[in-house]
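>>> missing the sequence, but the structure's below:
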């Protein structure tokens with residue numbers, strides 16, 4: 001797969017991009033908790049500004065990705081992200097730490113134009129039988145940064161502070177844009193593309209999703225899983241401090257354990273993804289995550305909690321590979337951006353709702369109750385996939401070839 005120029009170039013750019021994102025995210029998290037005395041409200045707000053743009057701009061970005069040239073879109077997005085970080089750095093020098101939230105919001109918004117374009121290039125230039133492997137490789141890359149990202153981000157912030165962290169983020173975003181500029185020139189789109197109005201093309205993408213049974217079913221499962229993920233996402237730092245009795249910096253070790261397992265799981269999935277139905281991979285991943293989530297909320301033992309993170313990480317690639325493969329297999333190339341842009345807001349919208357409620361839910365109930373609710377929603381997400389299992393295998397083939 002790495003012999004494919006597009007896969008190799010996009011993966012390398014993602015290495016640089018992930019370095020910048022992890023350094024920025026941990027710098028913002030640790031800086032804001034330091035400034036606000038571990039306020040659960042502001043910790044939740046950080047997650048909201050990181051993920052809300054995915055809900056707000058995914059469909060717009062996906063529609064534009066279908067209209068615009070993918071290489072140019074990706075390069076432009078990374079360049080603008082680098083500029084936004086530079087502006088935040090200048091504002092922060094004046095003492096306004098709220099600019100960190102604004103900069104994160106802008107950067108996350110721009111990524112909604114870049115990610116659908118990468119999927120479009122994969123669909124155009126990667127053979128169909130290699131797509132599950134490429135998705136697994138992408139997941140493995142994320143897992144590597146789950147292992148090293150927290151360590152790198154925490155080390156740089158503690159040793160050098162917020163300003164150096166932002167300078168490095170700027171440099172890595174700029175480097176990603178430079179790598180992507182090495183891709184071959186964009187191919188000409190068919191004459192039918194881009195002639196309709198923006199709103200009409202956006203509506204056409206939504207209609208395409210609604211009329212596709214597999215994609216429609218996947219969307220409902222996404223909604224449940226998104227709420228489950230969102231309501232516990234900001235609370236990991238409180239699990240570390242309140243349940244495990246550790247310093248907040250211990251969060252990096254929890255995430256590293258999870259990420260190391262994801263790396264192993266991703267490598268395993270690359271070998272078996274072609275042999276297992278993607279809907280089965282997704283269901284298994286959701287159910288194992290449900291059990292581990294409930295157990296993490298109850299555990300007060302460091303070893304047990306880390307073990308649960310490892311188990312969850314081993315099976316998490318099943319979720320990502322299953323999701324991406326189902327979308328790729330059931331979507332025509334001309335609709336890739338819009339389908340991804342329509343499904344993603346369903347997941348992320350529910351995730352943002354969950355993150356918005358996380359701090360209040362923790363204060364009103366308990367960490368155990370919130371994590372138990374999250375596990376229950378993951379089970380619901382797995383059960384909602386049943387209609388896909390009942391779909392005749394040839395249905396997917398027709399979607400790929402028509």
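All right, it came through fine. Fair warning: this is a prediction, and the values are worked out from it, not measured in the lab.
>>> and the longest helix along the chain, what does it pack onto?
Across the chain, the helix with the greatest residue count (assigned by DSSP state H) is helix 131-180. Where contact means 3 or more Cβ pairs under 8 Å, 6 or more residues apart in numbering; DSSP states H and E, helix 131-180 is packed against helix 5-35, helix 70-93, helix 98-125, helix 251-272, helix 302-329. All C-beta atoms are positioned from the backbone trio N, CA, C, and that covers glycine.
>>> between that helix and helix 302-329, how big is the angle?
Per axes from the mean of the first three to the mean of the last three Cα atoms, to 10 degrees, the angle that helix 131-180 makes with helix 302-329 is 90 degrees.
>>> need the next SSE after helix 131-180, C-terminal direction.
Per DSSP states H and E, helix 131-180 leads on to helix 198-211 as the next helix or strand towards the C-terminus.
>>> what comes up buried for that following helix?
By neighbour count with 16 or more other Cβ atoms under 10 Å, helix 198-211 contains the buried residues 201, 202, 204, 205, 208, 209.
>>> now these as CSV including pLDDT and distance to residue 221?
Converted to CSV, the buried residues of helix 198-211 look like this (pLDDT from 0 to 100; distance: Cβ to Cβ, whole Å):
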residue, pLDDT, distance to residue 221
201, 77, 26
202, 76, 23
204, 79, 24
205, 77, 19
208, 84, 18
209, 82, 14
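>>> between those residues, which is nearest residue 90?
Nearest to residue 90 out of the buried residues of helix 198-211 is residue 202 (Cβ to Cβ; 35.3 Å).
>>> ok, the closest one - contacts?
Contacts for residue 202 (Cβ atoms under 8 Å, 6 or more residues apart in numbering) come out as 59, 60, 63, 338.
>>> Which elements pack onto the helix or strand containing the third one?
Right, the one you point to is residue 63. Secondary structure assignment for residue 63, by DSSP H and E: helix 40-67. Counting by 3+ Cβ pairs under 8 Å, 6+ apart, the packing neighbours recorded for helix 40-67 are helix 5-35, helix 98-125, helix 198-211, helix 336-364.
>>> what angle do that helix and helix 198-211 make?
Relative orientation of helix 40-67 with respect to helix 198-211: 100 degrees, computed using the same axes, to 10 degrees.
>>> Just give me how far helix 40-67 sits from the chain centre.
11 Å (Cα atoms, centre = their mean, to the nearest Å).
>>> Tell me which of the helices and strands packed on helix 40-67 sits nearest to residue 177.
Taking Cβ to Cβ, helix 5-35 is the member of the helices and strands packed on helix 40-67 nearest to residue 177, at 7.9 Å.
>>> So for that closest one, mean pLDDT?
Helix 5-35 shows a mean pLDDT of 86 in the predicted model.
>>> quick one: buried residues of it?
Buried residues in helix 5-35, counted by 16+ other Cβ under 10 Å: 6-7, 9-14, 16-33.
>>> re the thing from before, would you mind listing the two of the buried residues of helix 198-211 that lie farthest apart?
Maximum pairwise distance among those (Cβ to Cβ): 13.1 Å, between 201 and 209.
>>> who touches both of these two?
With Cβ under 8 Å, 6+ apart, residue 201 and residue 209 have common neighbours residue 338.
>>> The nearest residue to residue 287 once chain neighbours are set aside is in what secondary structure piece?
Closest residue in space to residue 287, ignoring its immediate chain neighbours: residue 382 at 5.1 Å, by Cβ to Cβ, 6 or more residues apart in numbering. In the assignment (DSSP H and E), residue 382 maps to helix 367-383.
>>> what's downstream of that helix, the next helix or strand?
Remark: after helix 367-383, the chain's next helix or strand is helix 386-389, criterion DSSP H and E.
>>> other SSEs contacting that next one?
Short answer (3+ Cβ pairs under 8 Å, 6+ apart): helix 386-389 packs on helix 213-232, helix 278-298.
>>> Which member of the buried residues of helix 198-211 is positioned nearest residue 304?
Proximity of the buried residues of helix 198-211 to residue 304 (Cβ to Cβ) peaks at residue 209, which lies at 41.1 Å.
>>> List the contacts of that closest one.
Taking Cβ under 8 Å, 6+ apart, we find residue 209 in contact with 215, 216, 219, 338, 339, 342, 343.
>>> which of those residues count as buried?
For the contacts of residue 209, a burial check counting by 16+ other Cβ under 10 Å picks out 215, 219, 338, 339, 342, 343.
>>> quick one: which of those is nearest residue 373?
residue 219 (21.2 Å).
>>> which residues does the closest one contact?
209, 342, 343, 346.
>>> Just name the closest of those to residue 328, please.
The closest of the contacts of residue 219 to residue 328 turns out to be residue 343 (Cβ to Cβ; 11.8 Å).
>>> Cool, thanks, talk later.
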